[in-house]
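# What shape does this take:
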Amino acid sequence: MTSSEQKLRDILQLDAELNRIQDVDILLERILSEARRVSSADAGSIYVRREDELLISYAQNDTHQAKLPPGHKLIYNVFTVPISRKTISGYCAATGEQVNIPDVYEIPDEAPYGFDPSYDRISKYRSKSMLAIPLRDQNGTILGVIQLINKKNPDGSVGEFDADDELITMHFATNATVALQRAQMTRAIILRMIRMAELRDPKETGPHVNRVAGYSVEIYERWAQKKGYDQAQIDRARDNLRMAAMLHDVGKVAISDAILKKPAKFTDEEFNIMKTHTWMGARLFADRQSEFDDIAAEVAISHHESWDGTGYPGKIDVNTGEPYETDDSGRPVGFREDEIPIYGRIVSIADVYDALSSRRVYKQAWSEDDVIDEIKKLSGIKFDPDVVECFLEVLPNIRQITEKYKDPEPPAGE
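Sure thing, here's the model as predicted:
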């Protein structure tokens, strides 16, 4: 069997695996890594179309990755590229054509596109060969672009992408696009649920839940690596956790506007009603269809529990909200320490970090230093100390997610 035949067989086996990934961000990251693997590319980026622009979703670089400590991820700048014929990725998206360049520093003057060497200067990397592949659906619509950089020869030198690479990566891109469309539809359904919650609570916005979900995945991955989990288990959990974390407060749709939108401090009675959003949210996933439902219910009901047992809703019957274990005052006993599911412990930190870091109509955003100090103070009280440690270790990744999912600019005068 030739090398090309083996790669083609690998891609066919990948089809089923890609179709099991439900979250868009997790899928995009996997598509890029697999496209690089089958083409032996040292580096690459994947862009998603946003109207007339391409937004970079992930960038990978084995040369730079090798310089990082184990478990750390490459940090890349979040930027957009106009869909035009002037850049390589823009040309690929504008025309739907594959672009294969032996050396980006020797692009002929008559070529419609060019290469900006400033990216190499900034990253201290020498790009040479480049292959750009469109992600196109069955209707011919361009959904994005995969850009592969520096074909690695068996001896480690940089070579050119050949006709076999073009054929194999195009076949891979065609199959990956089907998985991407399905994942985008899943994301759209989740965001519609979020928008429903946003009608009730203006804080529950798309950017907020995407940030909380992204933070949660980064924290979980570091925590799981430290626990010695295998990568397949981590990948499966990341996929489910990201979607579940987006829906952590979906139970707020059951809370009345009089409480949910109250600008002043809650009374004790109002706060007790507000607490019910946790188990109300968990009930939405009671009709179990998949592992996702289990994790979503777990996150919804446990992300307000505290490490020291003072959180809520505590030990209650999810179906009725009635406590099955109470303290001397008759209140539900809170879950504490490892009794709290790990996903709830992780989303708790992610949610608080984003809430404190974000501007709201009733408050200004805290500085990052102040937010981190607060989280450190609450370690061992509200938060699991091990999870806090993981959060601090992945702060560079968290900052990148914040940049990727920014809140829209407030109207002038606010």
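# Provide a complete list of residue ranges assigned to strands in the chain.
41-50, 53-61, 80-82, 99-101, 130-136, 142-152, 158-159 (DSSP state E).
# measure residue 100 to residue 129 for me?
According to Cβ to Cβ, to the nearest Å, residue 100 stands 8 Å off from residue 129. C-beta: built from backbone N, CA, C; applies to glycine.
# residues shared between the contacts of the two?
160-161 (Cβ atoms under 8 Å, 6 or more residues apart in numbering).
# These two: who's more crowded?
residue 129 (22 against 19; other Cβ atoms under 10 Å).
# Tell me how many other residues surround residue 408.
Residues near residue 408, counting by other Cβ under 10 Å: 8.
# Tell me who's in contact with it.
Here residue 408 is in contact with residue 207 (Cβ under 8 Å, 6+ apart).
# what does residue 262 give?
Counting by Cβ under 8 Å, 6+ apart, residue 262 has contacts residue 270.
# Report the buried residues of stretch 360-371.
366, 371 (16 or more other Cβ atoms under 10 Å).
# From the opening residue of it to its closing one, how far?
Stretch 360-371 has its terminal residues 15 Å apart, counting by Cα to Cα, to the nearest Å.
# By mean pLDDT, flag the weakest helix or strand of the protein.
helix 3-20 (a mean of 70; mean pLDDT, DSSP states H and E).
# Low-confidence stretches in the stretch 201-350 of the chain?
The model of the stretch 201-350 of the chain has pLDDT under 70 over residues 201-204.
# And residue 301, how close does it get to residue 243?
16 Å.
# Is it correct that residue 314 is in contact with residue 336?
No: using Cβ atoms under 8 Å, residue 314 is not in contact with residue 336, being 9.7 Å away.
# With neighbour numbers in mind, choose between the two.
residue 314 (24 against 15).
# Residue 391 against residue 353, yeah?
Yes: the criterion here is Cβ under 8 Å, and residue 391 meets it with residue 353 at 7.4 Å.
# got any residues that touch both of the two?
215, 375, 398.
# from those, which single one is nearest residue 342?
Of all those, residue 342 sits closest to residue 215, with 14.7 Å by Cβ to Cβ.
# residues touching the closest one, list them.
Residue 215 makes contact with 349-350, 353-354, 391, 398, 401, according to Cβ under 8 Å, 6+ apart.
# what domains does the record give for the protein?
For the chain, the domain assignment from automatic domain parsing gives the residue ranges 3-183, 201-404.
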